[in-house]
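A.B. asks: Just the structure for this:
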Amino acid sequence: MSADVVCLEGWHGWQVHCPFCGKPDDENSFCKHVLYVIGLGNFHYRSDRFCEAAGLPKDDGDPSLPWNAINSRGGARELASAVDLPNHVQFALNAVNDITYIGFACLEEELMVWGRKAQDPKS
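C.D. replies: Coordinates of the predicted model:
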């Protein structure tokens, strides 16, 4: 299961809010649902949960990965889109000079609290 993508044209001047808890994105503190932020072809942030699911080294303060680590897996966006996490949604913010991608996914324990089991929303 790959990420569902929501394209936001002309959204680069607005904050994106988490679709699960409603917290606005903030470069200094992300909510627990944020998986990654990609811009200019590289990761600006990646959560431990995302790194584990993608088989990447954990973010040690410098979230960028060497180009060869990204390109060998098809690029940052392709790598992020292919991660198999339940309810993974990716927002594509179309700016003038770049597209920023922000990925979110709810936690397994939240699905159970809501009385649902993890499943592909498209099935």
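
A.B. asks: going forward, measure contacts and count neighbours with C-alpha atoms only.
C.D. replies: OK.

A.B. asks: so the most centrally placed residue in the chain is in which element?
C.D. replies: The centre of the chain sits closest to Gly103, judged by C-alpha atoms, centre = their mean, with a distance of 1.8 Å. For Gly103, the element it lies in under DSSP states H and E is strand 99-104.

A.B. asks: what's the answer for Arg49, then?
C.D. replies: Taking DSSP H and E as the definition, Arg49 sits inside helix 48-54.

A.B. asks: Give me the contacts around that helix.
C.D. replies: The contact list for helix 48-54 (C-alpha atoms under 8 Å, 6 or more residues apart in numbering) reads 35-36, 57-59, 79-80, 83-85.

A.B. asks: What about His33, how many residues nearby?
C.D. replies: Number of residues near His33 (other C-alpha atoms under 10 Å) recorded here: 19.

A.B. asks: which residues does it contact?
C.D. replies: By C-alpha under 8 Å, 6+ apart, the neighbours of His33 are 18, 20-21, 104-107.

A.B. asks: Looking at pLDDT only, which of the contacts of helix 48-54 scores worst?
C.D. replies: Scanning the contacts of helix 48-54 for pLDDT, the low point is Asp59. It has 76.

A.B. asks: With Asp26 as the reference, measure out to that one.
C.D. replies: Per C-alpha to C-alpha, to the nearest Å, Asp59 is found 17 Å from Asp26.

A.B. asks: My read is that the residue nearest to the centre of the chain contacts Val34, right?
C.D. replies: Yes - Gly103 lies in contact with Val34 (C-alpha atoms under 8 Å); the separation is 5.9 Å.
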